[in-house]
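*Asks:* sequence plus predicted model, see below.
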Amino acid sequence: MTTSAEKQLQFLNAATVKELHEQGKVQLIDVREISEYTGEHIPGSQVLPLSNFQLEQVSLIDSKQIVLYCHAGNRSNQAAQKLIQSGFTEFSQLQGGITAWKQSGYPTKVNKNAPISLMRQVQIVAGFLVFTGTVLGAFVSPWFLILSGFVGAGLVFAGVTNTCAMAMLLAKLPYNK
């Protein structure tokens, strides 16, 4: 992110977004993946996953301010950077994402039958691969420990760069669309 891009980022707290949302003055855009949106979202919001986010998909409604949100703010920052790079600057972000919204006690629409979240899917797959690599490394061949090491290195890389290749791959599966 460049310094000029940081200056263009505008954040609104949950109380302000709630007030503007009730007045019909904001268009909320959820940039989380479809499975996350299906599981829980702010009523009246539109979903545009960051993995497919493009300015052309943002349906602009005159007189409504666009507010981006995600789980905690990281992905909405990435979507904001894409908008800024496309020359679009008239938008804000919900500071703290849907987490801050829920902590403020504001309502969300919850679907108990939705698929599990993408991060839980990543944890299940990564845990299974590490466990399998370790067991096979102990009982079959030590070369299987490379699998555990590879997954561990991938998790470190994902944590440092905030980019998870496994999550991006899982997001492309049909049940996550």
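*Replies:* Looks like it arrived, so ask away. Numbering: from 1, shown residues only.
*Asks:* ok, longest helix in this structure?
*Replies:* helix 118-139 (DSSP state H).
*Asks:* what's that helix packed up against?
*Replies:* Here helix 118-139 touches helix 145-161, helix 165-171, going by 3 or more C-beta pairs under 8 Å, 6 or more residues apart in numbering; DSSP states H and E. Every C-beta, even on glycine, is put in place using the N, C-alpha and C of the backbone.
*Asks:* so how far is Trp101 from Phe53?
*Replies:* To Trp101, Phe53 is 20 Å away according to C-beta to C-beta, to the nearest Å.
*Asks:* the two - which one has more neighbours?
*Replies:* Trp101 (24 against 17; other C-beta atoms under 10 Å).
*Asks:* just the mean pLDDT for the helix or strand encompassing that one, thanks.
*Replies:* Assessed by DSSP states H and E, Trp101 sits inside helix 97-103. The pLDDT scores in helix 97-103 average 96.
*Asks:* beyond it, next helix or strand please.
*Replies:* Later in the chain than helix 97-103, the nearest helix or strand by DSSP H and E is strand 109-110.
*Asks:* pull up the pairing partners for that next one, direction included.
*Replies:* strand 40-41 (antiparallel) (DSSP bridges).
*Asks:* same question for the strand it pairs with, mean pLDDT?
*Replies:* 94.
*Asks:* what packs against the following helix or strand past it?
*Replies:* Next in sequence after strand 40-41, counting helices and strands by DSSP H and E, comes strand 46-47. Strand 46-47 sits against strand 26-30, with contacts defined as 3+ C-beta pairs under 8 Å, 6+ apart.
*Asks:* just the buried residues of the helix or strand following the strand it packs on, please?
*Replies:* Helices and strands here follow DSSP H and E; after strand 26-30, the next one along the chain is helix 34-39. For helix 34-39, the neighbour count (16 or more other C-beta atoms under 10 Å) marks 34-39 as buried.
*Asks:* follow-up on the earlier one: in the longest helix of the chain, what counts as buried?
*Replies:* Across helix 118-139, burial judged by 16+ other C-beta under 10 Å covers 118, 121-122, 126, 129-130, 133, 136-137.
*Asks:* from the centroid of the chain, which residue is nearest?
*Replies:* When the chain is reduced to its mean C-alpha position, the nearest residue by C-alpha atoms, centre = their mean turns out to be Arg32, at 3.6 Å.
*Asks:* so what's the residue count around the closest residue to it other than its chain neighbours?
*Replies:* Nearest in space to Arg32, with sequence neighbours left out and distances taken as C-beta to C-beta, 6 or more residues apart in numbering, is Cys70 at 5.0 Å. Neighbours of Cys70 under the rule other C-beta under 10 Å: 25.
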